[in-house]
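Peer 1: Here is a sequence together with a model predicted from it:
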Amino acid sequence: MARPAELTYASSGAGSSQHLNGVVLQQMAGIQLTHVPYRSGGPAIVDLLGGHVMSMFATIPSVAPHIRGGRLRPIAIASARRSTALPAVPAVAETLKGYDMTTWYSLHAPPKTPREIVTKLSAAVNAALNDPETRRRLTDDGAIVQPMTPEEFSAFFRKEYDRMGVIVRASGVKPDQ
């Protein structure tokens, strides 16, 4: 492209996972993109649909109706492997080895929550995630369901915190004032 800075991508704000997806893609692919931050994901999707920005890293559930309706075309999956919800869409990692910007969700409690409460919460969440109907609905929407014990999640969280810290520092993102 003659003017690479014209390749725009929307996000729900500076420092958001969508923004950092673009930062990592630029670093790994050696390309230049122009980040267009929004105050939240909704307005970013609206402007993507309206053609005001060229692309956006979005969760599958947030854009699935627009994909099904033919208003958006998925280009690539940001996790390390293809999504079961969109199996024909390649993962970025198929081209850029090591690219994995999987979005994940977790449940947290205050630090002094008694261990028995944490254990009960974890068991309830894992039971829900292991329920066949719940699992089917989540995976149909593009989720990769990974029940974990509190200890497994703590180890995962520390690893992700360290990994994302490197990315955030490299991005130059500053906290909002």
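Peer 2: Great, that's in hand. Numbers count the residues shown, from 1 in each chain.
Peer 1: domain parsing for this structure?
Peer 2: 4-103+161-171, 115-154 (automatic domain parsing).
Peer 1: which one of these is the most hemmed in?
Peer 2: domain 4-103+161-171 (a mean of 16; mean count of other Cβ atoms under 10 Å). Any C-beta I mention is one placed from the backbone N, CA and C, and that applies to glycine too.
Peer 1: Tell me who's in contact with the residue nearest the centre of the chain.
Peer 2: Closest to where the C-alpha atoms of the chain average out (Cα atoms, centre = their mean) is residue 103, at 2.9 Å. Counting by Cβ atoms under 8 Å, 6 or more residues apart in numbering, residue 103 touches 17, 59, 78.
Peer 1: In TSV, list those along with secondary structure and distance to residue 172.
Peer 2: Compiled in TSV, the contacts of residue 103 are given as follows (DSSP: H, G, I helix; E, B strand; the rest coil; distance: Cβ to Cβ, whole Å):
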residue	secondary structure	distance to residue 172
17	helix	16
59	coil	25
78	coil	21
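Peer 1: so can I have a markdown table of those showing pLDDT and distance to residue 135?
Peer 2: What follows is the contacts of residue 103, written out as a markdown table (pLDDT from 0 to 100; distance: Cβ to Cβ, whole Å):
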| residue | pLDDT | distance to residue 135 |
| --- | --- | --- |
| 17 | 90 | 23 |
| 59 | 91 | 18 |
| 78 | 94 | 22 |
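Peer 1: returning to what we had before: am I right that the residue nearest to the centre of the chain falls within a helix?
Peer 2: No - assignment of residue 103 by DSSP: H, G, I helix; E, B strand; the rest coil gives coil, placing it outside any helix.
Peer 1: if I look at it, how far off is residue 77?
Peer 2: 11 Å (Cβ to Cβ, to the nearest Å).
Peer 1: Which parts of this structure are helices?
Peer 2: 17-29, 41-49, 60-68, 115-130, 132-140, 150-171 (DSSP state H).
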